[in-house]
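> Predicted model and sequence follow; I will ask about them next.
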Amino acid sequence: MERLDRSEEFDAFYATTARRLVAAVYAMTGDLAEAEDAVQEAYVRAWQRWSKLTREGDPLPWVRTVAMRLAISTWRRTRSRLRAHLLHGPQADVPGLSADRVALVAALRELSPDQRRAVVLHHLLDLPVDQVARETGVSNGAVRTRLSRARKILGERLADSSSSSSSTSGSSVLREGVVSHG
C-alpha cells in the first residue's frame, strides 16, 4: 500500500511541477529537447530517492537543481565539442568501406555467434586455438570445429561475392579483410 501511495504522490508531484520546470530549463538552455531530457532525467533520479526527498521537505528545489546541472553539463560538453571543432577543424572524411570489407562483414553476420566469436578471436586477434578455447569455455576440438565450419561458410559466401565483383578467392578476402581490419 505504501508503494502505491508513494507512486501516486510522485505522479501528482510530477503532474504539477514538470511543465514549469521544463519551461525554466528551456529558458536557460534555449533548447526545448535538451530541457525536456534534463528534466526527465532529474525526475528519474528523484524517483530513485523519493522517500528521502519527501522526508526532507519539498523535493522541487532538489529536482530543479539536478535538472539545471544536467542541462549545464550538456551545454558545457556541447561547447567543448564546438571549440574542438573550431580549433581542429572538421573531422577528416572517413573513407568508404571496400566491397571486400562489406562482403566480409555480411558473411560474418551469417555465422552463428559461437563461430563468429571463434573467427574473431583466432583470426582478427591472432589468438592460438587453446587461448580461444579457454576464453570461450570449450575444448580445443570444439574451437577447431567452429573455425572449420565458419571458414567453409565464409569461403562460400565470399566466393559468391567475389565471383560477381572480381576473381579474388574467398579465403584470401577473409585473410586480408580480417587482418587489415585489425
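Cool, the structure landed. Numbers count the residues shown, from 1 in each chain.
> how close does residue 21 sit to residue 55?
Distance, residue 21 to residue 55, using C-beta to C-beta, to the nearest Å: 21 Å. (Each C-beta comes from the backbone N, C-alpha and C, glycine too.)
> and the residue nearest to residue 122 when sequence neighbours are not counted, how far is that from residue 16?
Once flanking residues are discounted, residue 122 sits nearest to residue 132: 5.3 Å by C-beta to C-beta, 6 or more residues apart in numbering. Residue 132 sits 58 Å away from residue 16, going by C-beta to C-beta.
> More neighbours: which of these two?
residue 132 (24 against 10; other C-beta atoms under 10 Å).
> The nearest residue to residue 51 once chain neighbours are set aside is in what secondary structure piece?
With C-beta to C-beta, 6+ apart as the criterion, residue 51 has its nearest non-adjacent residue at 6.9 Å, and that residue is residue 6. Taking DSSP states H and E as the definition, residue 6 sits inside helix 2-29.
> And the average pLDDT for the helix or strand that that helix is followed by is what?
Where DSSP H and E defines the elements, the next helix or strand beyond helix 2-29 is helix 32-48. Averaging pLDDT along helix 32-48 yields 95.
> For helix 32-48, buried residues please.
Under the neighbour-count criterion of 16 or more other C-beta atoms under 10 Å, helix 32-48 has 34, 35, 36, 37, 38, 39, 42, 43, 45, 46, 47 buried.
> circling back: which secondary structure elements does the helix holding residue 6 contact?
Applying 3 or more C-beta pairs under 8 Å, 6 or more residues apart in numbering; DSSP states H and E, one finds that helix 2-29 contacts helix 32-48, helix 50-55, helix 60-88.
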